[in-house]
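[1] turn this into a model:
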Amino acid sequence: MSNDVATAEVSIDIAEIMERIPHRYPFLLVDRAEEYRPNESIVGIKCVTINEPFFQGHFPDYAVMPGVLIVEAMAQTGAVLMSKTLNVDRAGKTILFTSVDNCRFRQPVRPGDVLRMHVKVLRARGGLFKFEGKAMVGDKTAAEAEFAAMLVETP
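    Okay, the predicted model is just below:
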């Protein structure tokens with residue numbers, strides 16, 4: 001395999017995301033992904049609109065995306081990275097969020113923002129991954145955290 005192929009950026013569309021993780025509207029928080037590098041990193045994209053159901057009750061006079069949902073968007077991005085890296089067959093398996101550490105919220109995310117979740121693998125051992133995530137709006141950090149997820153058998 002040539003070096004160009006090994007380092008080529010891979011994009012993941014919404015159809016593949018929905019094949020890889022079980023989340024659906026209104027809780028699917030990744031619209032697409034870019035810069036996928038197996039076992040290394042990925043960038044998830046969420047286009048935040050005023051039509052998001054959480055804006056009805058989360059500061060309706062000054063709409064702000066809930067911080068826990070920003071963390072969830074990073075976790076879903078990590079799950080897409082894991083699923084594609086491990087080539088997970090979702091029949092009988094799922095990826096569960098297991099921990100979050102060192103989480104910081106730096107600026108609000110508002111309707112009209114494009115949230116880019118930069119997720120890097122810190123460690124991977126079998127079906128357990130530890131990640132570092134940074135959610136960005138433009139060149140500003142909205143949130144950052146370390147988090148982990150594991151592949152589990154489901155009935």
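
[2] identify the residues contacting stretch 104-117?
    Contacts with stretch 104-117, where a contact means Cβ atoms under 8 Å, 6 or more residues apart in numbering, come from 30, 43-50, 52, 55, 63-65, 67, 70, 73-74, 77, 133-137, 140-145. Glycine gets a C-beta too; all of them are placed from N, C-alpha and C.

[3] make a PyMOL selection of whichever of those turn out to be buried.
    Buried members of the contacts of stretch 104-117, defined by 16 or more other Cβ atoms under 10 Å, are picked up in PyMOL with:
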select buried, resi 30+43+44+45+46+48+52+55+63+65+67+70+73+74+77+133+134+135+136+137+142+143+144+145
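
[4] how far out from the middle of the chain is the biggest helix by length in the chain?
    Counting by DSSP state H, the longest helix found in the chain is helix 67-86. Its chain's C-alpha centre lies 3 Å from the corresponding centre of helix 67-86 when counted by Cα atoms, centre = their mean, to the nearest Å.

[5] ditto for stretch 122-133
    For stretch 122-133, the distance to the chain centre is 14 Å (Cα atoms, centre = their mean).

[6] for stretch 14-28, same thing?
    Here the centre of stretch 14-28 is set off from its chain's centre by 11 Å, with Cα atoms, centre = their mean.

[7] list the buried residues for that stretch?
    Residues 17, 20, 21, 28 are the ones in stretch 14-28 that count as buried (16+ other Cβ under 10 Å).

[8] the residue nearest in space to the middle of the chain and residue 144, how far apart?
    By Cα atoms, centre = their mean, the chain has its centre lying nearest to residue 77, at 2.0 Å. Distance, residue 77 to residue 144, by Cβ to Cβ, to the nearest Å: 13 Å.

[9] same deal with residue 99?
    From residue 99 across to residue 144, the span is 15 Å (Cβ to Cβ).

[10] low-confidence ranges, the protein, go.
    1-8 (pLDDT under 70).
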